[in-house]
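> Sharing a sequence plus its predicted fold:
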Amino acid sequence: MICVVARIPSSGKRRAQGFTLVEVLVALMIVALGLAALMVAVSGTARTSGFLRDKTIAQWIALNRLSEVRLNVTKFGQNTDVGEVDFANRKWHYDTRYFETSIGSMRRVVVRVYAGDAKTKGNPVAQAIGFLGTSLGAPGFSNVDWTAGTTATTPAQAAPSNNSPTPGVNPSANPPTVTPTTPVTPVTQPP
């Protein structure tokens, strides 16, 4: 039996298996840039989440204050009032302002809520606007023309006309007529 062994000529230098130092440094730079971008995105998301949480809580406080104002009419005579409240393990303060409207028996109520106690200065986190006054319309529907200070009447209350109805038109489908009331003088509102 004859055995033949093939020999590979050796070049003297054998290439070592693995990465060079430059390749490792480039790979580490790519990973570092990716992690930095990820950290910026995560911190931005956390900051946005905290802002939305504060805005939601402040909006709840403002709406709660509007409900208090509507239930407690004794504050109606004042132009403004302030207060502090502990809500969601934090201190908040609010100011409630009352403004005249073009309708004498109605006022616009603006509630602004700030983070921190009353000594803390800054922009309001949330604001809610509502109206307070006596009802001018019948329950269930509005029969008041708020722009001209007039009250609408139903067709049954309107005076009958001598005109014959137009053929093909349902007379009960005609819009209600409007009877003027005393004009309301507009009141200028602060900005």
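Now that the structure is in, tell me what you want to look at. Numbering: from 1, shown residues only.
> CA atoms for contacts and neighbours, from now on please.
Will do.
> Now Pro124. Nearest residue, chain neighbours left out?
The shortest distance from Pro124 to any residue that is not its chain neighbour, by CA to CA, 6 or more residues apart in numbering, is 4.6 Å, and that residue is Tyr114.
> Then Glu84?
Here the nearest residue to Glu84 in space, its sequence neighbours aside, is His93; by CA to CA, 6+ apart that works out to 4.2 Å.
> and the one you found, that's in a strand?
Yes - applying DSSP: H, G, I helix; E, B strand; the rest coil, one finds His93 inside a strand.
> Looking at strand pairing, list the partners for it.
Note on His93: beta-bridge partners by DSSP bridges are Glu84, Tyr114.
> which ones are touching it?
82-85, 113-118 (CA atoms under 8 Å, 6 or more residues apart in numbering).
> which of the residues you listed count as buried?
84, 113-118 (16 or more other CA atoms under 10 Å).
> Among the contacts of His93, which one lies nearest to Trp60?
For Trp60, the closest of the contacts of His93 turns out to be Val113, at 9.6 Å, with distances computed as CA to CA.
> quick one: pLDDT of that closest one?
With respect to pLDDT, Val113 has a value of 95.
> Need the nearest residue in space to it, chain neighbours excluded.
Looking at Val113 with CA to CA, 6+ apart, the closest residue is Tyr94, at 4.3 Å.
> tally of neighbours for the one you found?
Other residues near Tyr94 number 26, with proximity taken as other CA atoms under 10 Å.
> circling back to that earlier point, rebuild the buried ones among the contacts of His93 as a markdown table, extending it with distance to Leu25.
As requested, the buried ones among the contacts of His93 are exported to a markdown table (distance: CA to CA, whole Å):
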| residue | distance to Leu25 |
| --- | --- |
| Glu84 | 57 |
| Val113 | 52 |
| Tyr114 | 50 |
| Ala115 | 47 |
| Gly116 | 48 |
| Asp117 | 52 |
| Ala118 | 54 |
